[in-house]
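1. using only what follows, build the 3D model:
(one chain, ligands or ions: 1)
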Amino acid sequence: MRSNVAEYSLIAPPTLTEALQTLADDPRYTPIAGGTELMVALSAGRLPQKHLLSINHFRELRFIDTTAEAISIGSGTTFTDIRKHPVIASDLPLLAQAASWTGSIANQNRGTLGGNIVNASPAADSPPALLAYDATLTLISALGNRTIPYTDFHLSYKKTALRPGELLHSIRVERRFNAYRSYTRKVGTRNAQAISKIAIAALALIDDRTRLIQDIRIGAASLRETPTRCSAAERALLNQPLTPASLPALIAAARTALATEAQPIDDIRSTAKYRAAVAANLLEEFLRGL
Ligand SMILES: Cc1cc2nc3c(=O)[nH]c(=O)nc-3n(C[C@H](O)[C@H](O)[C@H](O)COP(=O)(O)OP(=O)(O)OC[C@H]3O[C@@H](n4cnc5c(N)ncnc54)[C@H](O)[C@@H]3O)c2cc1C
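-> Residues are numbered from 1 along each chain as shown. Next up is the predicted model:
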């Protein structure tokens, strides 16, 4: 049943400082950015938060800053901003790809990277890429700022490290992955406008001379109750030689390791069994591509 909108209120403080103070003073307020999660919940009659505080108009949360060392993305940056940015396309192709297959064009125009992260769906599209890139998050509140590794953000199903009164300010990724080979694939009901049943975003650094896997990073969606790095599979592959002769054993070892850490949820979109099987197939496809 649709919600009765008369029961809801929305405020839009003129400055970010005032917004942070309101969030600190009144825990009833929930931030709303693009609203593409919250408004769906409102329409479906399942939005318990009755007091919304808009952060969508803050230009200081919508930016993409690049330096020689890093790319910083404001939490209010839309997927369209990300998809169209040349430095993200060249340096963070996994994120550019995630932005381009998130929802529809309308969704990408409105939905923000911050909303995707904080909403904390295990199936969300940007987290696997950001996990693979070792992103860090800057969180702000009336009390000050703190920066945490993104790997520490998702605590359990839909629970995050965000404290009451805090906003996600920005996401930072170092520009050091150009020599890495990248792979990403999202498996959903169809190619567009589908939430993933399973998705993987992966990077590998291979020594051209020795063929050793010097670094490997595999982020996954829908493989556990939170977006996750596949640490066991990464350990099975790190420092191993990647040659035609070693490939079958390497694939077998990676599949076995992934099975130990895959604990997908069973839900309306797919079964745990299907998700675990397809994740292993994607991992194999990634390794064969290397
Ligand atoms: C038709 C449709 C298709 C979709 N397809 C996809 C898809 O393919 N892949 C995918 O990953 N998602 C998809 N989504 C979900 C959604 O569009 C994304 O998750 C989007 O990134 C949410 O961003 P938002 O700004 O709209 O979030 P909002 O709805 O504004 O907020 C979401 C949550 O994040 C919190 N929040 C937002 N910004 C901040 C901040 N800066 N600090 C603290 N908390 C914050 C809010 O309080 C809320 O809890 C789809 C949604 C729709 C309606």
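2. what is the end-to-end distance of stretch 14-30?
-> Counting by C-alpha to C-alpha, to the nearest Å, the length from the leading to the trailing residue of stretch 14-30 is 16 Å.
3. show me which residues of the stretch 101-250 of the chain are close to the ligand?
-> Taking C-beta under 6 Å from any ligand atom as the test, the list of the stretch 101-250 of the chain residues beside the ligand reads 102-103, 107, 110-112, 114-116, 118-119, 124-125, 167-168, 195. C-beta: built from backbone N, CA, C; applies to glycine.
4. what distance do you get for residue 8 to residue 39?
-> For residue 8, the distance to residue 39 equals 11 Å [C-beta to C-beta, to the nearest Å].
5. and residue 244, by the same measure?
-> Note on residue 244: its distance to residue 39, by C-beta to C-beta, is 52 Å.
6. those two: who's more crowded?
-> In this view residue 244 and residue 39 are compared by other C-beta atoms under 10 Å, and residue 39 has more residues nearby, 14 against 7.
7. quick check, pLDDT for the residue in the stretch 51-200 of the chain that the ligand sits nearest to.
-> Evaluated by C-beta to the nearest ligand atom, the stretch 51-200 of the chain has residue 115 as its residue closest to the ligand, separated by 2.2 Å. pLDDT, the model's per-residue confidence, is 98 for residue 115.
8. for it, list the residues it contacts.
-> Shown in contact with residue 115 (C-beta atoms under 8 Å, 6 or more residues apart in numbering): 33-34, 36-37, 75.
9. so for the helix or strand hosting residue 30, what gets flagged as buried?
-> Taking DSSP states H and E as the criterion, residue 30 maps to strand 29-32. Burial within strand 29-32, assessed by neighbour count using 16 or more other C-beta atoms under 10 Å, is assigned to 29, 31-32.
10. could you say what helices and strands it packs with?
-> Taking 3 or more C-beta pairs under 8 Å, 6 or more residues apart in numbering; DSSP states H and E as the contact definition, the neighbouring helices and strands of strand 29-32 are helix 16-25, strand 51-54.
11. nearest to residue 155, out of the ones you listed?
-> For these, the distance to residue 155 is smallest for helix 16-25, at 20.0 Å, taking C-beta to C-beta.
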